[in-house]
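1. structure for this input, please:
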Amino acid sequence: MAIDRAHFFTTVRPMFGGRLTQGQVDGMNAILDDWEARMPDADVRWLAYALATARHETAHTMLPVREAFWLSEDWRRRNLSYWPYYGRGYVQLTHRNNYLKAGNFVGADLVNNYDAALRPDYAATIMFVGMTQGWFRRDANGPHTFERYFNSSTDDPVRARRIINGFEPGIAEDIAEYYSNFLRAVGARVLHMAAPERDFSAGIMSIAATDAVLRPMASAPKEDEALNTAGDVRQMVTDIVAAYVSNNQIAPDVLPGLVANVFLALSRAPYVSARIADDSNDEGASQSQETGKTAETEEEASVTPLQTKKRGARAPRRKAANE
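-> Numbering: from 1, shown residues only. Next comes the predicted model:
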């Protein structure tokens, strides 16, 4: 799939203050070029999330950077135990063994020429291969990869931050917003799907159906418990999705992503959060005499991880080592 560059740059320009530098254009072209050459038939959401990650990791320059790029090489030599194999690239490639592995993919000796990891074409390849294969992080369920967070039943740009640097509330949501913008830039036309073989009807939508989508995404006990207390939001999600699918044809594999995205949008909306908090306060006040729980406790329990208050702008966090 070839990316419509004119449409792409017109769409992303507002993300960068309405004007792009030549470096930003060159950096994004390098990423798009590598995508088209290496994985043109892959899920376009992977490309959008890679671009969003690069925007954050490079402090919006869209060019490969050194770890702690605002400090001197002398500082890195004195303070980074893995010098000279510190982070370089669109995402931070670190440690000698990873430079060796990455060099094999780009066809260069990055062990002896480590600054070559700053070449945009090499850096793009390393980002795509690393995020596809899960080079950067793993847990008990395996490596964190594109496929794990973007597949036929999952569209989770918030938790996808775990691919690179663990889940970082605030930063993860910021990158998810970048992802939405980049997705429109690279995929708005591509994602228009052919009419499905069968329609979803409003009759199949219920709280149980909504839970069937959201529950597998709650990977931690705290997140699972939070879903139990988000009854209002789950009902609103159910009503909205039911109304939508009753008037539109959508493919079966789109429904889970639609449910997840509506839940994300509603759970972060201030007026919805306030309504849930008010309801929780009322319930907490009525139960406190019987259970000893306070309204404050009930309110805290009703806040899901997706309701984290958005943080202001900040310098990108750098990994000290690959995990």
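
2. tell me how far the closest residue to residue 110 other than its chain neighbours lies from residue 134.
-> With sequence-adjacent residues excluded and distances taken as Cβ to Cβ, 6 or more residues apart in numbering, residue 110 is closest to residue 103, at 3.7 Å. Backbone N, C-alpha and C define where each C-beta goes, glycine included. Separation of residue 103 from residue 134 (Cβ to Cβ, to the nearest Å): 19 Å.

3. swap in residue 59?
-> Taken as Cβ to Cβ, the span from residue 59 to residue 134 is 25 Å.

4. how about the helices in this protein?
-> For the chain, the helices defined by DSSP state H occupy 5-12, 22-38, 44-57, 73-79, 96-106, 120-133, 146-149, 171-187, 207-214, 221-228, 231-247, 255-268, 270-291, 295-301.

5. and those helices, which one averages the lowest pLDDT?
-> Mean pLDDT across these is lowest at helix 295-301; the value there is a mean of 35.

6. and residue 78, how far from residue 18?
-> In terms of Cβ to Cβ, residue 78 sits 40 Å off from residue 18.

7. which one of residue 103 and residue 134 is surrounded by more residues?
-> Between residue 103 and residue 134, counting by other Cβ atoms under 10 Å, residue 103 is the more crowded of the two (20 against 16).

8. so who does the more buried one touch?
-> With contact taken as Cβ atoms under 8 Å, 6 or more residues apart in numbering, residue 103 is in contact with 109-111.

9. correct me, but residue 43 touches residue 149?
-> No. Counting by Cβ atoms under 8 Å, residue 43 does not reach residue 149; the two are 10.5 Å apart.

10. if you count neighbours, what's buried in stretch 153-160?
-> For stretch 153-160, burial by neighbour count (16 or more other Cβ atoms under 10 Å) applies to 154-160.

11. so what's residue 62 closest to, chain neighbours aside?
-> Take residue 62 and drop its neighbours on the chain: the residue closest to it by Cβ to Cβ, 6+ apart is residue 27, 3.5 Å away.
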